[in-house]
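Chemist: any chance you can model this:
(2 chains)
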Amino acid sequence: MLDRKKLMSALAATTLLASPVLAEDLTIGLSSEPTAMDPHFHNLGPNNAMSRHIFDRLINQNEKQQLNPGLAVSWGPIDDLTWEFKLREGVTFHDGSAFDADDIVCSFERAPNVPNSPSSFATYTKGKEVVKVDAFTVHIKTATPYPLMANDVSTIPIVSSETGCDATTEAFNNGPATVGTGPYKFVSYTPGDSIVLTANADYWGGAPAWDNVTFKPIKSGPARVAALLAGDVDMIEGVPTTDIETLKNNPDVALSQGVSNRVIYLHLDHDRADSPFVKANGGGAIENPLMDLRVRKAISMAIYRDAIVDRVMEGVAIKAGQLLPEGFFGVSDKLQPMDYDPAAAKALLAEAGVPDGFELTIHGPNDRYINDAKIAEAIGQMLTSIGIKTQVETMPRSVYFKRASRGGPNDTPEFSFILVGWGAGSGEASSPLKSLIATHTPDKGWGASNRGRYSNPKVDALITEALATVDDAKREALLAQATEIAIEDAAIIPLHYQVNTWATRTGLSYAARTDEYTLAFGVKKN
Amino acid sequence: MTVFIIRRLMQAAVVVFLMSLIVFFGVNVIGDPVDMLVNPEADQAEIERTIKALGLDQPIHIQYLHFLGGISEGDFGRSFIRGEPALKLIIQHMPATIELALVSLVISIALGIPLGLFAGIYPDNPISRAIMAGSILGFSLPTFWVGLMMIMLFAVWLGWLPSTGRGDTAVFLGIRSSLWTLDGLSHLFMPALNLALTNISLVIRLVRAGVREAMLQDYIKFARAKGLSANRVIGVHLLKNIMIPVVTVLGLEFGNLLAFSVVTETIFAWPGMGKLLIDSLLQLDRPVVVAYLMIIVLIFVVINLIVDIAYSLLDPRVRLKDQGT
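Modeler: A predicted model of the protein is given here:
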């Protein structure tokens, strides 16, 4: 590299010689761009990651999604229906105004009610009443005991009652309302081009390491890598798996990797005896064999997870045996990834009365998860080799998810056998259990992504009990137990956990996050 | 000419209306934006709320009537994803694309015409053969690949130019543009050249063919016989007569550059309209896609009008009438 950047910094160094400290700047290439600077506008990964820089939460999730004090110094239930939060004193917003309980109350009011919001925070605020007790104490009340209070609260960005709570999304995008208590202050937002932040020297957690941070959205993977190699950005997220080997051998680049909270899994039709994409050999009708546990087990045994991890994912994945990788709250220590055993799989098929297999179509997205279409193809081949003749059909996610969720008659799922992924935003096991495994019950908000319509009263009862158990140890045991029953029943077939890769220039490192966020204050100089 | 222009504009209105029908209903059969917008963890109640908030609970013909009603008030609808008026988003992204298209057009003309002239006047010269071979490459190499190779060469290996993005902007003559700063121009060069490659090749081939044909014609022989200098024969008599197809094609291509420089803008992370279109398409941001295509129709109509007027200036025999345009 004949380095233009070095030349520039050398020039900058000579011109800035008079000033005592050199400004430390960081430029980050993003794979997906936030859709607004309003932290309550769109409850989606890139937006939430960006707002973490400017707006604190009461409780902040660390890189492992464990809960750390944010604007609250301590919290806990004071009775079955009330949680108390003690607020941090002496914190000021970027405009100098003081932080107190009023900001909390109005932020929780604003978060679920932003006009035109494509995805609101109502999921986390509903059923909660936020009451100011004194300037630095708030109580949050619920109608029933609610153990996930702290997790929910950790998702709500706190804006200022003076400038933020009554502001429009436009006022946030233009800047006047984008005033938080976080480590970085807003400078400018040019959609499609850049987002610029500057350090908040008075941050309560200590001044951040980087003085100015610029985020540049570079959607194309190869272009993002090229921008890093050219020195135009210091760090990129979403490194394409095909480039990882090359970058590893490049002395100018350092990689930071970490497992994510996202499991890639297969969902099977548990519900319909006549399933649309399951056919007897030759294309005739057949009673859905996927409803037989032995067939589901056979499918899981026929999948050579090591090959998927090594070949398809080029090593950047970890094979999965349950809903979340180890280390997360509510994970069972008894479950292991299913061993590859095609002979036993064939035996199970024979036992289930389909010794010669049947015909099946696997549907999956081709632009949502890392290498998703290739994984579906690999699985198609593996299943065909034990006699389940599997066709593979992949499609863009804009088409796929609607059909997978409600493309059939009466808004039922259209497919029989699908490849999907699930990231646990709350960082604990009740998130996948409630959405993927629990019986599909729209009134309760359960099973919203249960596209296989799995239903097991025993599991439902355990989830219900867990979600009403405030005691952490007991709840963790209940969640683990529910997971064990569901996995042993092959409610879903887990494949692997995604591993995310960030690349920086040599001399920097990134604390890889399970929630896939890219945060400037996670970038350290070595 | 005034009648001609008015009639043209009326035709345009009909085209735009038909376009709105096709685009609106076309875009609405693809997928479902709700699944692209809501957080995967949202429950059924939140999904319902989003469907209502976006007006997707209404039957499609009612949605279309709402849309038409909005247009009559100059409102092209609101982006699902950003919550801002679609028209505002498009106008925000327009300057970046216009400067890219303009520079690319200038490059196509500045390189294409001289090279084409040379190849036409000296067809057997080895340099001419090289130019023609190069023009075939310019046509056939995929833009995204050439773009990536240029980034590798100029940004990664040589380090001469920045790899992606738009540079600093400045205000000059009341226009904010990155054309006025050195940083801006250095960011502009690679994407503009990449975008120009096919057009350079196109212009070379058009000019060469025109020259080869015109050289044999009587008026060139007469001009020579009259003793005019070679420069005057080529620069005035020849060039003027071969420009009509070039202007037609470049006019249409300029529309294409404005509207569909999608690949180049994506590779170079250029914050222009093409990137807005592809992002909106991928995320099913229907109002932006519809508004965009409607505006593009208008731009094409205007460009074709300008091309017709340019004909009449280049060739006094062309009169602006309705037929044949």
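Chemist: B:Ile22: how many residues sit nearby?
Modeler: By the criterion of other CB atoms under 10 Å in any protein chain shown, B:Ile22 has 10 neighbours. Quick note: C-beta positions are derived from backbone N, CA and C, even for glycine.
Chemist: oh sorry, the question was meant for A:Leu323
Modeler: Other residues near A:Leu323 number 31, with proximity taken as other CB under 10 Å.
Chemist: chain neighbours aside, what residue packs nearest to it?
Modeler: Spatial nearest neighbour of A:Leu323, chain neighbours left out: A:Pro432 (4.2 Å); criterion: CB to CB, 6 or more residues apart in numbering or on different chains.
Chemist: and if you look at B:Leu281?
Modeler: Here the nearest residue to B:Leu281 in space, its sequence neighbours aside, is B:Val289; by CB to CB, 6+ apart that works out to 5.8 Å.
Chemist: please apply the same query to A:Ser449.
Modeler: A:Ser435 (4.5 Å).
Chemist: that neighbour reaches A:Asn450, doesn't it?
Modeler: Yes - under the criterion of CB atoms under 8 Å, A:Ser435 makes contact with A:Asn450 at 7.0 Å.
Chemist: okay, these two: which has more neighbours?
Modeler: A:Asn450 (24 against 20).
Chemist: does the more buried one belong to a helix, a strand or coil?
Modeler: Following DSSP: H, G, I helix; E, B strand; the rest coil, we place A:Asn450 in the coil state.
Chemist: now it: phi and psi?
Modeler: A:Asn450 has phi and psi values of phi -80, psi 80 when expressed as degrees, to the nearest 10.
Chemist: and it, what does it touch?
Modeler: In this structure, A:Asn450 makes contact with A:His267, A:Ser435, A:Leu436, A:Ile437, A:Ala438, A:Thr439, A:His440, judged by CB atoms under 8 Å, 6 or more residues apart in numbering or on different chains.
Chemist: A helix includes the second one, no?
Modeler: Yes - residue assignment for A:Ser435, taken from three-state DSSP, places it within a helix.
Chemist: quick one: contacts for it?
Modeler: By CB under 8 Å, 6+ apart, the neighbours of A:Ser435 are A:Trp422, A:Trp446, A:Gly447, A:Ala448, A:Ser449, A:Asn450, B:Pro40, B:Glu41, B:Asp43.
Chemist: what's the answer for the first one, then?
Modeler: Applying CB under 8 Å, 6+ apart, one finds that A:His267 lies in contact with A:Phe417, A:Ile418, A:Val420, A:Leu436, A:Asn450, A:Arg451, A:Gly452, A:Ile492.
Chemist: ok but it is inside a helix, no?
Modeler: No - the assignment for A:His267 (three-state DSSP) gives strand, which keeps it out of a helix.
Chemist: name the residues of the stretch 51-200 of chain A found near chain B, please.
Modeler: Proximity of the stretch 51-200 of chain A to chain B (CB under 8 Å from any CB of the partner chain) is limited to residues A:115-120, A:122-123, A:126, A:169-170, A:173, A:190-194.
Chemist: residue ranges of the strands in the stretch 151-300 of chain B, please?
Modeler: Along the stretch 151-300 of chain B, counting by DSSP state E, counting those that start in this stretch, strands occupy B:170-172, B:175-177.
Chemist: which parts of whichever helix or strand A:Ile244 is part of are buried?
Modeler: Taking DSSP states H and E as the criterion, A:Ile244 maps to helix A:241-248. Residues A:Thr241, A:Asp243, A:Ile244, A:Leu247 are the ones in helix A:241-248 that count as buried (16 or more other CB atoms under 10 Å in any protein chain shown).
Chemist: ok, stretch B:40-58 next?
Modeler: Buried residues in stretch B:40-58, defined by neighbour count with 16+ other CB under 10 Å: B:40-47, B:49-51, B:53-54, B:56.
Chemist: now that stretch: mean pLDDT?
Modeler: Averaged across stretch B:40-58, the pLDDT comes to 85.
Chemist: now the terminal residues of it, how far apart.
Modeler: The straight-line separation of the ends of stretch B:40-58 (CA to CA, to the nearest Å) is 23 Å.
Chemist: how about the strands of the stretch 151-300 of chain B, which one is nearest A:Met395?
Modeler: Closest to A:Met395 of the strands of the stretch 151-300 of chain B, according to CB to CB: strand B:175-177, at 40.5 Å.
Chemist: list the helices and strands that closest one packs on?
Modeler: With contacts taken as 3 or more CB pairs under 8 Å, 6 or more residues apart in numbering or on different chains; DSSP states H and E, strand B:175-177 sits against helix B:86-121.
Chemist: what residues does the stretch 301-450 of chain A have near chain B?
Modeler: By CB under 8 Å from any CB, the part of the stretch 301-450 of chain A that sits against chain B consists of A:367, A:396-402, A:405, A:422-423, A:425-426, A:431, A:435, A:442, A:445-446, A:448-449.
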